[in-house]
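[1] Got a predicted model here, sequence first, then my questions.
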Amino acid sequence: MAVSTANAAELTAEQVQSILVQPLEHASVFLAAGPRIFDTDGSPVRVPKLGGATSPDWKGENELITDADVSFDEITLLPSTIKSVKTLTRFSNELARQSVVSLEAAIKDRLVRDVATKLDNAFIAGTGDAGTTPLGILNYVGTQEVASVGTVTLDALIDAWGKALAGGVNMASLKWMLRPETFVALRKIKQTTGSNQYVLTPDPTVDGVFRLFGSPVIITNRIPVVGTTTKTTQAVLADFSQIAVARDQAPTVKILDQTFGDYDQQAIRVTARYDAAPLNVESIVKLTGITV
């Protein structure tokens, strides 16, 4: 089977980095969006932030500089209550010996996909489960909102864009996050009734990244659809550089070559621990009540 299991039951940090951590950053749409990632040894992470603006003033030569008491705030990531993402994959020794494809690559892809899916579900729509799992971006408190959108229009997107600009975003890090149905509905908007010309047309001279008003679009079905008679969903416009992600510095991949010996099986166990929170809630704009 995998070369790394021949000599040791637990993979080295370098092997974990190549088999799980780096591919996970690409497979997870949230991690790939560019949040600020803080590596830790598993202990809580406290990220300070300025609570309110200071009051600089123009002063002349020899004038007294007025001091001010400034309030500070902080966000805490990875509290002791946060659980880990864990998965266990069993496989037979016959499969390990007889596989005509790389079993290492197949298992790695499966682990990365499963862990990325679990993390994205939490980072995007997670409820926090009373502080035991990460809170999703759709449930952050204090974010800006364009409410009751209904049928999605370009005007609703411009309203969200305006709120984001007022929130002090970094335009280079601003990204849209939409469901596939929402993006397709936007692409179907035509210039006039009866026209066959679409308002949003791809530029053949630029890269294949989807963009709306200059910002990249992340398309994911991790944004939930709610309702029965009238189904609605949400969309997000966010400066992901103002979102912090804490990552346990040593996610573990362990080969269990004896635990399931009665079945002549081996297993790979993966554990990883992540948390996320906004550094500036005003840099996140939610569009709610989008009709699907």
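    On my side now, so go ahead.

[2] would you list every one of the helices in the stretch 51-200 of the chain?
    Assigned by DSSP state H, counting those that start in this stretch, the helices in the stretch 51-200 of the chain fall at 93-98, 103-125, 154-166, 180-187.

[3] what sits up against the helix or strand just after the last one?
    Spelled out, that is helix 180-187. Using DSSP states H and E, the next helix or strand after helix 180-187 towards the C-terminus is strand 211-212. For strand 211-212, the external contacting residues (C-beta atoms under 8 Å, 6 or more residues apart in numbering) are 157, 176, 186, 200, 217. C-betas here are computed from N, CA, C, even on glycine.

[4] Can you go through those and name the buried ones?
    Taking 16 or more other C-beta atoms under 10 Å as the criterion, what is buried in these is 157, 176, 186, 217.

[5] For those residues, give me a markdown table that also has distance to Lys118 and pLDDT.
    A markdown table is the format used below for the buried ones among the contacts of strand 211-212 (distance: C-beta to C-beta, whole Å; pLDDT from 0 to 100):
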| residue | distance to Lys118 | pLDDT |
| --- | --- | --- |
| Leu157 | 30 | 96 |
| Trp176 | 23 | 98 |
| Leu186 | 29 | 94 |
| Val217 | 23 | 95 |
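
[6] Number of residues surrounding Ser148?
    Neighbourhood size, Ser148 [other C-beta atoms under 10 Å]: 12.

[7] these two touch, right, Val281 and Asn139?
    No - contact status for Val281 versus Asn139: not in contact, 11.5 Å apart, counting by C-beta atoms under 8 Å.

[8] Am I right that Asn93 is in contact with Gln266?
    Yes - taking C-beta under 8 Å as the definition, Asn93 is a contact partner of Gln266 at 6.4 Å.

[9] neighbour-wise, which of these two wins?
    Gln266 (23 against 15).

[10] so what pLDDT did the more buried one get?
    Gln266 carries a pLDDT value of 85.

[11] who does it bridge with?
    Phe91 (DSSP bridges).

[12] so what's the spatially closest residue to Gly167 that is not a sequence neighbour up against?
    Leaving aside its chain neighbours, Gly167 sits nearest to Glu282 (3.6 Å; criterion: C-beta to C-beta, 6 or more residues apart in numbering). Taking C-beta under 8 Å, 6+ apart as the criterion, Glu282 is in contact with 142-144, 166-168.
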